[in-house]
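1. The following block contains a protein sequence and its predicted model.
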Amino acid sequence: MALEALKDVVRKIAHSTSVDKALVEEVVKDIQRALLKADVNVRQVKEISDAIKKRALSEEVLPTFNVREHIIKIVYEELMGGIGEGLEIPLKRAKIMLVGLQGSGKTTTAAKLAKYFKDRGMKTGVIAADTWRPAAYEQLKQLAEAYGIGFYGEKESKNAVKIAKNGLEALKGYDMIIIDTAGRHALEKELINEMIKIAETAQPEYKLLVLDSAIGQLASKQAKAFHEAIGINGIIATKFDGTAKGGGVLSAAREIGIPIAFIGTGEKVEDFERFDPAGFVSRLLGMGDVKALLEKVERVVSEEELNPEAFLKGAFTLKDVYKQIEAMNKMGPVSKIFDLLPFGFGMKVDKNTMEMTQEKMRKFRVIMDSMTEEELLNPKIISSSRIKRIAIGSGTSPQEVKELLRYYKTMKNVMKKMKKGKFGKLPLKGFPKIGL
């Protein structure tokens, strides 16, 4: 996997006892292999790797860095240069038109984009102007309704231009309007003409191309064709989950000079974020993106849902554990949270272990759903007979109920240490096993 390969490059530099020409050449070859696996354009791979090698062997090390830190800094900076700047769309009234080929995830992206701006305090709406794919109308309508997003569509109409015009009128009181357009298997003349007419009618401030991260080297060809047809402001890379070969999209953005605006990191509507080159490269190299993690926490966890100060002031109960798990679920898979931490906080966790942890948290929640209010508020009263009853009611085993209680006790001890301001080495014994 390209992502893991790049992280290994940084680990190799960081753990080396000395840095010489042989190590630099080895690291450069590793970077070349990792980038090529990720479908980055061959010419760009050579430019990036040559620049890293030249700088690593010729530049003077700054007084504030050691040699290893100096080379990691060079790798970081050259990857940043290879990716280019991202597109930031400000939080003000605008119309966004989405274009792309069929299967790129355009309709789901329309809902993701609308929710992204809604979460930031904007009144957002979507227009279903994809009349080519029958299911597009219903899909976008359901997603919009589920997340409290304004929706406009004309189920029986085949006139996408008219739908866009009527939709803009219907949603004129909204801050941000996203127009979902049709996609075909290829960029045909009919599709180009429709896009041009919608763009002329809607006059969008942004025309964003939605590209599937797994399409590899075809990304540049597609981006160029759409850009020549209607003029693209930015790219949204979908299915960028860390395992997909997203290098093709990065190459396309760099080659044609179109910045990446957003990346879709999973199937859920919440799995969507603004493309921040610095944070992205940090995550590629395993340095984490703590800023993105904190933003994610802020978005999904309200004061009412999870308030650490309340934990410290009062008694920590199983209800608080339940809130913790709910908050983690909203943030997405455990693997994505770890991906945002610097080097995973030193923990290398495989896919199977991550899935086991996710499943364990799901079971914990089911077990707590089978408890009484009194048991949730006062876990001390949970006796052997109660454990047996809870296990039967939740469809789990007594051992799994006991494991939850051990996890609760561990978290309670953590909260006590936080209250006293003593973190020290926190006990990991009671945590669900995740390869720590």
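-> Received it, and whenever you're ready, just let me know what you need. The structure presented is a predicted model; accordingly, all values stated were derived computationally and were not measured.
2. surely E88 meets R274?
-> Yes. The criterion here is C-beta atoms under 8 Å, and E88 meets it with R274 at 6.9 Å. C-beta here means a position set from N, CA and C on the backbone, and glycine is covered the same way.
3. Looking only at neighbour counts, state which of the two leads.
-> Taking other C-beta atoms under 10 Å, E88 and R274 do not tie; R274 has more neighbours (16 against 12).
4. burial of the nearest residue to the more buried one once chain neighbours are set aside, as a residue count?
-> Distances taken as C-beta to C-beta, 6 or more residues apart in numbering place F262 nearest to R274, at 5.8 Å, with adjacent residues excluded. Residues near F262, counting by other C-beta under 10 Å, number 24.
5. so F262 makes contact with Y116?
-> Yes. With contact defined as C-beta under 8 Å, F262 reaches Y116; the gap is 7.3 Å.
6. quick one: common contacting residues for the two?
-> Jointly contacting F262 and Y116 under the rule C-beta atoms under 8 Å, 6 or more residues apart in numbering are F272, E273, R274.
7. In strands, which of those appear?
-> Using DSSP state E, the members of these that fall in strands are F272, E273, R274.
8. Return the mean pLDDT over the helix or strand that contains V24, rounded to an integer.
-> Using DSSP states H and E, the element containing V24 is helix 21-37. Averaged across helix 21-37, pLDDT comes to 83.
9. which residues are contacting it?
-> By C-beta under 8 Å, 6+ apart, helix 21-37 touches 1-2, 5-6, 8-9, 12-13, 16, 42, 44-46, 48-49, 52-53, 56-57, 71, 75, 245, 247.
10. did I read that right, the residue nearest to R274 in a strand?
-> Yes. Residue state for F262 (DSSP: H, G, I helix; E, B strand; the rest coil) corresponds to a strand.
11. in the sheet, who's paired with it?
-> For F262, the beta-bridge partners are I236, R274 (DSSP bridges).
12. quick one: it and I71, what's the gap?
-> Per C-beta to C-beta, to the nearest Å, F262 is found 31 Å from I71.
13. And for I89?
-> I89 is 35 Å from I71, where distance means C-beta to C-beta.
14. Between the two, tell me which one has more neighbours.
-> I71 (26 against 19).
15. Just the pLDDT for that one.
-> Confidence score, pLDDT, at I71: 80.
16. Kindly report the same for I96.
-> Confidence score, pLDDT, at I96: 97.
17. now K165
-> Looking at K165, the pLDDT reads 96.
18. so it touches K197, yeah?
-> No. Between K165 and K197 no contact is recorded; they are 9.9 Å apart, counting by C-beta under 8 Å.
19. nearest to D369, of the shared contacts of F262 and Y116?
-> Distance to D369 across the shared contacts of F262 and Y116 (C-beta to C-beta) is lowest for F272, with 29.1 Å.
20. Find the nearest non-adjacent residue to the residue nearest to the spatial centre of the chain, please.
-> Most central in the chain under C-alpha atoms, centre = their mean is T265, positioned 3.9 Å from the mean C-alpha point. Leaving aside its sequence neighbours, T265 sits nearest to D271 (C-beta to C-beta, 6+ apart; 4.6 Å).
21. Please report how far that neighbour lies from G279.
-> Noted for D271: a distance of 16 Å to G279, by C-beta to C-beta.
22. Check L209 too.
-> L209 is 22 Å from G279, by C-beta to C-beta.
23. again with G173
-> Taking C-beta to C-beta as the criterion, G173 is separated from G279 by 34 Å.
24. Who has more neighbours out of the two?
-> G279 (21 against 8).
25. What strand or helix carries that one?
-> Under the criterion of DSSP H and E, G279 resides in helix 277-284.
26. try L98
-> With DSSP H and E as the test, L98 turns up in strand 94-99.
27. Adjacent strands (with direction) for that strand?
-> According to DSSP bridges, strand 94-99 has the following sheet partners: strand 176-181 (parallel), strand 206-212 (parallel).
28. Quick check: which of those strands is buried the most?
-> Most buried of the strands paired with strand 94-99, by mean neighbour count (mean count of other C-beta atoms under 10 Å): strand 176-181, with a mean of 29.
29. what is the rounded mean pLDDT of that strand?
-> On average, strand 176-181 scores 97.
30. do the same with stretch 326-334
-> Here the average pLDDT along stretch 326-334 is 64.
31. And for T357, the neighbour number?
-> As a burial measure, T357 scores 21 neighbours (other C-beta under 10 Å).
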